[in-house]
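Trainee: structure, please.
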Amino acid sequence: MNNRRQRVRTLVLLTATVLAVALVGGCKKKDDIAGTWKDPKGTAIEVKDDKTFTVGTGAQSGTGHWVLADKKITLTVEMAGGKPVADQLKTAEDQINKSPLPPDQKKKYLAQLKSAAVLNFTISEDAKTMTITTPDGKTDTFTKEAAK
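Mentor: Numbers count the residues shown, from 1 in each chain. Prediction:
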C-alpha cells in the first residue's frame, strides 16, 4: 500500500514538473512572437502578448486573434476594414453562389475566400522571421523588428 502511494506521488510530481516546463517554454515562445513584423513590401503585423494582432492600416487593416503551436502561428482575421469578416465572407459567398460561374470555379473561389481569413505562418528557429505560403504557392517572409 505504501509503495503504491509512493508511485502515485512520484507520478504526480513528474506530471507537475513536465507541465511547469511546458508552460515556461510556452511563455518564452509567446514573448518571442510578440512585436512588429514587416515584409519587404512594408506590410506590418503587430502581434500582441494578449494573443491579438493588427495587420495593415485603414481600409486595408485587419484585426483578430492568434494561436501558437510548435513553430506555427495561425492568425485568424475577425475584422477587416472595420467590418466583421464573417459578414463579409457571407456576402461574398452569396455573390459567388449566385454567379454564372461553373461549379468547379465556384468551389475554387469559395475555398480561396475562406482561407483568406486564416493566415498560417511558419516561424524560423531563431524566431526572427515568419513565412506564409499563399494559396497560389508564393511565399512572403516577415522579419521581426527590434524592440524600441
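Trainee: mind checking pLDDT for residue 72?
Mentor: Residue 72 is assigned 94 on the pLDDT scale.
Trainee: which ones are touching it?
Mentor: Neighbouring residues of residue 72 by CB atoms under 8 Å, 6 or more residues apart in numbering: 120, 121, 122, 123. For the C-beta atoms, the positions are set from N, CA and C on the backbone; glycine is no exception.
Trainee: please apply the same query to residue 48.
Mentor: Shown in contact with residue 48 (CB under 8 Å, 6+ apart): 34, 54.
Trainee: coming back round to it: most neighbours among the contacts of residue 72, which one?
Mentor: Of all the contacts of residue 72, the highest neighbour tally under other CB atoms under 10 Å goes to residue 121, namely 23 neighbours.
Trainee: pLDDT of whatever helix or strand it lives in, averaged?
Mentor: Take DSSP states H and E as the rule and residue 121 turns out to sit in strand 118-123. Taken as a whole, strand 118-123 has an average pLDDT of 92.
Trainee: avg pLDDT for the helix or strand following it?
Mentor: The helix or strand immediately downstream of strand 118-123 is strand 129-133, counting by DSSP H and E. Strand 129-133 carries an average pLDDT of 93.
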